[in-house]
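give me the fold of what follows.
(one chain, ligands or ions: 1)
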Amino acid sequence: MNRRNFVKNSLLTAGSLSLPLRVEAIPTGSNDRGAPTKNEKFKIEYIRNSIPDFEIPPYRGGSYEDSVPDTLDIAERAELCINCLTGNTDERADYEIYEVAEFDRNPPVMGHSINDWLKVNEGMMEGLPLLRIASGSTLGDQVDPAWMGTLLKYIGPDGLPYLPLVGTPWSRLYPSFIQPLWRADGAATDISDNSVTQFTFPALWPRAIAAMTIYNLRDQNPLWRQTIEGMIQRMLQLVTNEYDYSFFPAGSYEPNAKLTGPGVCNVMPTGVLAMEHGNGRLIQGLAQYYRVTAYEPAQELAGRLVKFLRERAYYYDAEGRFLWSYADINPSPFEAEPFGGSFHSHGIGLMGVLEYAAAVRDRGLLEWVRSSYEWARTQGSSLVGFRPEYALHNWARCETCPVADMVGLAAKLSAEGVGDYWDDLDRCARNQFAENQLTETGWVYRMAEQMPKKPVAYNESADRVVERNIGGFGYPTANEYGTVRAGCCTASSSRSLYYIWEHILRHENGRLSVNLLLNRASKWADVRSYIPYEGRVDLRIKQPCESVRVRAPEWVESNSPQVICKVNGMSRELRWDARYAHLGAGKAGETFVVTFPIGERTVKEKIGGRVYTLVIKGNTVVSIDPPGKYGAFYQRAGYRESQARWKKVRRFAPEEEIRW
Ligand SMILES: [Zn+2]
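Numbering: from 1, shown residues only. Reported below is the predicted structural model:
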């Protein structure tokens with residue numbers, strides 16, 4: 001098949017396996033079983049109604065007014081993301097999220113489906129406390145206990161979390177994705193079968209484990225560890241063990257499901273199904289839990305799943321290059337184009353393997369992830385951090401999920417010392433990742449008004465949709481935000497915002513390292529970044545540091561005499577070690593001012609099949625041509641000035657940070 005037809009057909013069928021991009025509108029009245037009126041609550045039939053008590057400790061830290069250069073501020077972006085996580089929820093359904101927001105509808109709507117919880121809400125549960133640590137924001141904090149309570153209400157008698165199918169009229173939308181459903185008597189059915197009232201799915205588990213691991217780190221309540229370990233014990237009963245690897249059969253499970261019936265051993269998922277049915281995704285949650293608690297069963301199961309993913313799933317080659325699978329998109333370019341496939345499905349698998357390899361200190365496995373990352377960074381554009389939804393040349397849409405995965409991989413590989421990808425991370429954070437976050441409302445309403453009016457369906461809401469979705473991430477192109485805010489992308493990005501924030505600086509054994517030159521408050525030092533207005537970063541030291549080092553930005557050479565440091569106005573001699581300038585010891589109250597050159601360049605870059613002319617100052621794109629229309633990117637003329645603009649902010653320096 002020629003490339004043009006392939007791409008065209010793929011675009012038509014891309015949603016067939018991945019989560020649907022759009023919630024299909026079903027007119028009010030056609031199927032509104034049990035929908036309550038505006039202020040009534042849905043009567044959701046959870047598997048468990050009585051749950052243990054828990055409390056949410058306050059997010060402690062110093063909060064103060066400050067003036068900072070008006071440059072990228074991840075803490076500010078974290079609060080915007082909290083706006084979407086908590087605002088894009090349905091109070092009538094215990095703050096269940098709306099998985100998708102559609103902006104090219106009149107009026108704009110956000111819609112529920114089974115996908116709300118399938119993989120997305122758990123990801124947001126992992127992200128929300130992390131973003132509160134980074135920002136100190138209490139915005140929408142009625143949602144946190146509601147989500148935590150819901151997660152506990154999901155826990156079934158066998159230890160796994162079960163999604164209720166009774167009580168919300170959208171719960172059986174899109175059942176095909178999670179077929180078959182294994183029953184307690186060993187038979188198989190699917191969730192359109194009304195005799196099924198609760199089900200679970202391995203892809204649900206990892207980020208539920210991640211969220212509860214964070215809750216436990218914050219409150220030390222043994223409840224969370226008991227719940228996670230109960231989940232893992234039940235997984236060990238369900239898992240299929242072969243030789244040195246393990247997997248969960250494709251599909252979803254009723255409580256007390258039996259996976260011993262005829263045919264089960266024949267449904268080992270491969271290719272994209274190995275990820276999307278949960279096996280590959282599960283590695284990360286288990287590895288995170290093992291890293292924090294040293295719980296051996298988590299490590300053993302994660303290790304056997306890693307073996308399965310690398311050696312049996314036909315999803316990566318020996319060097320870690322991504323492989324297409326027949327189920328990826330239809331028709332698949334499998335034979336003509338062996339390398340590629342869903343970027344996010346591969347990316348999140350790599351995140352799991354990396355987390356596991358770091359937890360067990362497996363150098364060979366870390367190298368395999370690095371090799372895979374090296375291949376992945378050739379897909380899309382590493383100049384701006386554009387990652388296509390499918391690793392396929394000229395794919396126009398950038399799903400934020402793989403962008404977020406690559407952010408996490410770059411941060412963790414660099415922090416582990418396996419590679420130096422801070423520049424990849426810096427370029428992505430300042431450009432595609434930052435632009436993929438919705439920060440304005442006006443253009444959305446202008447776009448929506450041009451569309452023909454369409455009724456709001458029973459599973460949708462048109463109530464302040466755009467305002468409630470500010471801070472969310474979606475499927476943009478290289479030059480505009482476009483039409484959709486996606487739940488998966490917002491969930492993935494919530495924790496990647498934290499990964500960036502966490503890795504801007506690190507304080508270890510009295511040594512302060514600044515890896516990324518971005519605004520950041522911390523209890524050890526505050527960073528003011530003037531980039532890209534000026535080549536300058538200030539460090540205000542708050543706790544004595546035996547040594548302070550700053551990584552040079554990409555466009556500045558190591559040992560450059562143009563890098564100058566002054567401490568309280570006095571010149572300070574630099575010592576270089578690879579890309580880091582060592583600035584000596586820092587006393588509380590001192591201000592380090594580091595200056596270096598910064599300039600503009602104009603480059604042509606093919607991104608998503610289209611050639612753009614970019615003006616880049618430092619690493620920051622300040623103009624793109626041709627420009628976008630719907631949520632145009634890089635409206636950054638102000639950054640071309642040579643003196644920083646300033647803004648007043650409330651900064652938050654958390655007392656406790658979580659290594660995540
Ligand atoms: Zn996504």
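
bridging residues for residue 65?
Beta bridges link residue 65 to residue 650, judged by DSSP bridges.

assess the claim that it and residue 647 are in contact.
No. Using CB atoms under 8 Å, residue 65 is not in contact with residue 647, being 11.3 Å away. Heads up, the C-betas are built off the backbone N, CA and C, glycines and all.

more neighbours: the two, which one.
Neighbour comparison, residue 65 and residue 647: the larger count goes to residue 647, with 13 against 8 (by other CB atoms under 10 Å).

give me phi/psi at the more buried one?
Residue 647 has phi and psi values of phi -140, psi 150 when expressed as degrees, to the nearest 10.

contacts only, for it.
67-70 (CB atoms under 8 Å, 6 or more residues apart in numbering).

repeat that for residue 51.
149, 152-153.

let me know the closest of those to residue 489.
residue 149 (25.8 Å; CB to CB).

can you get me a residue count around the closest one?
Residues near residue 149, counting by other CB under 10 Å: 15.

look up how far residue 106 lies from it.
36 Å (CB to CB, to the nearest Å).

which SS state does the most centrally placed residue in the chain fall under?
Nearest residue to the geometric centre of the chain (CA atoms, centre = their mean): residue 492, 1.5 Å. Classification of residue 492 by DSSP: H, G, I helix; E, B strand; the rest coil places it in helix.

so it versus the ion, what's the distance?
Separation of residue 492 from the ion (CB to the ion, to the nearest Å) stands at 6 Å.

same check, this time on residue 618
On the measure of CB to the ion, residue 618 and the ion end up 29 Å apart.

dump the residue contacts of that residue.
So residue 618 contacts 531-532, 535, 553-555, 598-599 (CB under 8 Å, 6+ apart).

need the per-residue pLDDT for it.
Predicted confidence (pLDDT) for residue 618: 98.

same deal with residue 2?
In this model, residue 2 carries a pLDDT of 34.

before we move on, what about the one 3 residues further on?
If you check residue 5, the pLDDT there is 32.

swap in residue 26?
41.

what's the burial count for the nearest residue to residue 578 once chain neighbours are set aside?
Excluding the flanking residues, the one nearest residue 578 by CB to CB, 6 or more residues apart in numbering is residue 558, at 6.4 Å. For residue 558, the count of nearby residues is 12 (other CB under 10 Å).

what's the distance between residue 620 and residue 529?
11 Å.

would residue 623 count as being in a strand?
Yes. Under three-state DSSP, residue 623 sits within a strand.

my read is that it contacts residue 632, right?
No. Counting by CB under 8 Å, residue 623 stays clear of residue 632, with 10.8 Å between them.

so between the two, which is more surrounded?
Between residue 623 and residue 632, counted using other CB under 10 Å, the more crowded position is residue 623 (20 against 15).

ok, what's across the strand from that one?
Residues in beta-bridge contact with residue 623 (DSSP bridges): residue 615.

what pLDDT does residue 21 get?
38.

to clarify, my last question referred to residue 334.
At residue 334, pLDDT is 63.

same question for residue 577.
For residue 577, pLDDT reads 96.
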